[in-house]
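>>> no letters, just coordinates:
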């Protein structure tokens, strides 16, 4: 998240919105092709890898990884062929050099995503931070050099492609260290592995592809209808929203392999993941909602046009987090049809609404389409989730949502700088949530334990002391 902000902030200062618009649309296009090329294998493989790592069946892990690589290689070749063959008829707006770099970006990103999911399934995720920091730093540095040298979208695209290449290589070395030598023979053969893996992956592939298409195609449509500058404004707002919600996606990305390995308590585990993610994110997104213009102007005065799209996109965080969580729970039970329904009812409305609202309302239309799709998917997921019993605790969810909103509204009417206002809003939100017992001792412990011990322990001690004074039941 931090490197993402730094990346686009620096680019906004050294290049034009047109360059950002064109390069960002290519990055969005690559994300769609990555989802298409992966055939859902990264997620599908987790259904088996989580249990295999837990049981120490490393020979089975090796077979699943090899099978996964073969399947996604076919997907990469097919997608890159479509992109190259259809360049003139489908993607004529882009120069050939940009298409060539995008092919490299698609191939490296697809492999990198697969390897990342393998590491997540192992739950040995410590090196992910180091690898992410290193690859992002190299990407940022190289992109700045290239943009200053050539000052166009080719430099941005080349620099952006460096990160997945580096991460794919480093992830591969990390996976080798995770797969220990095992004397136990494989539980199944290659053909069986191929069939089972493909079956588990395809059911998530279609909703995942539709979800990626619904999220990313907005920038591409913006470029085609409103031009590169408007596409750039919208893309920056979209990236800010993704950055703020990064905590939720990080938590939910490890939820599936854990749920798949659990024999009971899945509902409560999922609710705690959703709850902790929203507690971390919503106070920040709620305050950002009322200072969207100030946030967008950090990138430059012209980017203030993205303020309304940013507000609309921030409203999608809560419904998207819940519908994604319920979808993961359904997948862990093997309820593939419900996963497909949630994915389709979220993405199809988004895609259709883009072509209706973007010509009328530009970036605000794209953001409105995205958020409306999230709300529709949220409603459908709640209806489907009721079949499994109580998943969401509505009273807690309502307080987690409305308390930060109300505090942000009050502070936005006071004439103070947006940075201290946002900090005060976040602190007051947490104090009230502690007072009302929405945040408990376990939430604090589980949220902060991810930090280094010498940092986490003093913070946990201080928060526990505050919590005990605010609430005797803490």
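All right, it came through fine. Predicted model only: the values in this text are computed from it and were never measured. Numbering: from 1, shown residues only.

>>> isn't residue 168 right next to residue 105, touching?
No. Judged on C-beta atoms under 8 Å, residue 168 makes no contact with residue 105 at a distance of 11.3 Å. C-betas here are computed from N, CA, C, even on glycine.

>>> comparing these two, which residue is more hemmed in?
residue 105 (25 against 20; other C-beta atoms under 10 Å).

>>> which helix or strand contains the more buried one?
helix 96-122 (DSSP states H and E).

>>> tell me what that helix is packed against?
Packing partners of helix 96-122 (3 or more C-beta pairs under 8 Å, 6 or more residues apart in numbering; DSSP states H and E): helix 17-38, helix 41-55, helix 58-85, helix 126-150, helix 153-178, helix 246-261.

>>> weakest of those in terms of mean pLDDT?
By mean pLDDT, the lowest-scoring of the helices and strands packed on helix 96-122 turns out to be helix 246-261, with a mean of 73.

>>> circling back to that earlier point, now the angle from the helix holding residue 105 to helix 153-178?
30 degrees (axes from the mean of the first three to the mean of the last three C-alpha atoms, to 10 degrees).

>>> which of the residues in helix 96-122 are buried?
98-122 (16 or more other C-beta atoms under 10 Å).

>>> tell me the confidence at residue 357?
pLDDT, residue 357: 94.

>>> which residues sit in contact with it?
By C-beta atoms under 8 Å, 6 or more residues apart in numbering, the residues touching residue 357 are 364, 365, 366, 368, 369.

>>> so how far is residue 206 from the first one?
Counting by C-beta to C-beta, to the nearest Å, the gap from residue 364 to residue 206 is 29 Å.

>>> more neighbours: which of those two?
When residue 364 and residue 206 are compared for neighbours, residue 364 comes out ahead with 22 against 17, by other C-beta under 10 Å.

>>> hmm, back to that, ok, which of the helices and strands packed on helix 96-122 comes nearest residue 393?
Smallest distance to residue 393 across the helices and strands packed on helix 96-122 (C-beta to C-beta): 16.9 Å, for helix 246-261.

>>> so after that closest one, what's the next helix or strand?
Following helix 246-261 in sequence order, the next helix or strand is helix 266-289 (DSSP H and E).

>>> beyond that following helix, next helix or strand please.
Using DSSP H and E, the helix or strand that directly follows helix 266-289 along the chain is helix 292-297.

>>> contacts for that following helix next, please.
233, 236-237, 240, 288, 303-308, 310-311, 314, 418.

>>> report all helices and strands that the helix or strand just after it contacts.
Past helix 292-297, further along toward the C-terminus, the next helix or strand under DSSP H and E is helix 307-314. Applying 3+ C-beta pairs under 8 Å, 6+ apart, one finds that helix 307-314 contacts helix 228-244, helix 266-289, helix 292-297, helix 336-385.

>>> now the angle from helix 307-314 to helix 228-244?
Going by the same axes, to 10 degrees, helix 307-314 makes 40 degrees with helix 228-244.

>>> picking up where we left off before, out of the contacts of residue 357, which comes closest to residue 227?
Nearest to residue 227 among the contacts of residue 357, with distances taken as C-beta to C-beta, is residue 366, at 13.1 Å.

>>> if we can go back for a sec, out of the helices and strands packed on helix 307-314, which is the most enclosed?
Most buried of these, by mean neighbour count (mean count of other C-beta atoms under 10 Å): helix 228-244, with a mean of 25.

>>> now for it, which elements pack on it?
Contact partners of helix 228-244 among helices and strands, from 3+ C-beta pairs under 8 Å, 6+ apart: helix 2-14, helix 17-38, helix 190-226, helix 266-289, helix 292-297, helix 307-314, helix 336-385.

>>> pLDDT on that helix, on average?
Mean predicted lDDT for helix 228-244 stands at 90.

>>> and that helix with helix 17-38, angle?
Going by the same axes, to 10 degrees, helix 228-244 is angled at 60 degrees with respect to helix 17-38.

>>> got the contact list for residue 343?
Here residue 343 is in contact with 206, 207, 208, 210, 211, 327, 377 (C-beta under 8 Å, 6+ apart).

>>> separation between it and residue 25?
If you go by C-beta to C-beta, the gap between residue 343 and residue 25 works out to 23 Å.

>>> again, but for residue 452
For residue 452 relative to residue 25 (C-beta to C-beta), the value is 39 Å.

>>> of the two, who's got more company?
More neighbours surround residue 25 than the other of residue 452 and residue 25, with 27 against 7 (other C-beta under 10 Å).

>>> quick revisit: closest to residue 437 out of the contacts of residue 357?
Ranked by distance to residue 437 (C-beta to C-beta), the contacts of residue 357 are led by residue 368 at 35.9 Å.

>>> model confidence for that closest one, exactly?
As predicted, residue 368 sits at a pLDDT of 96.
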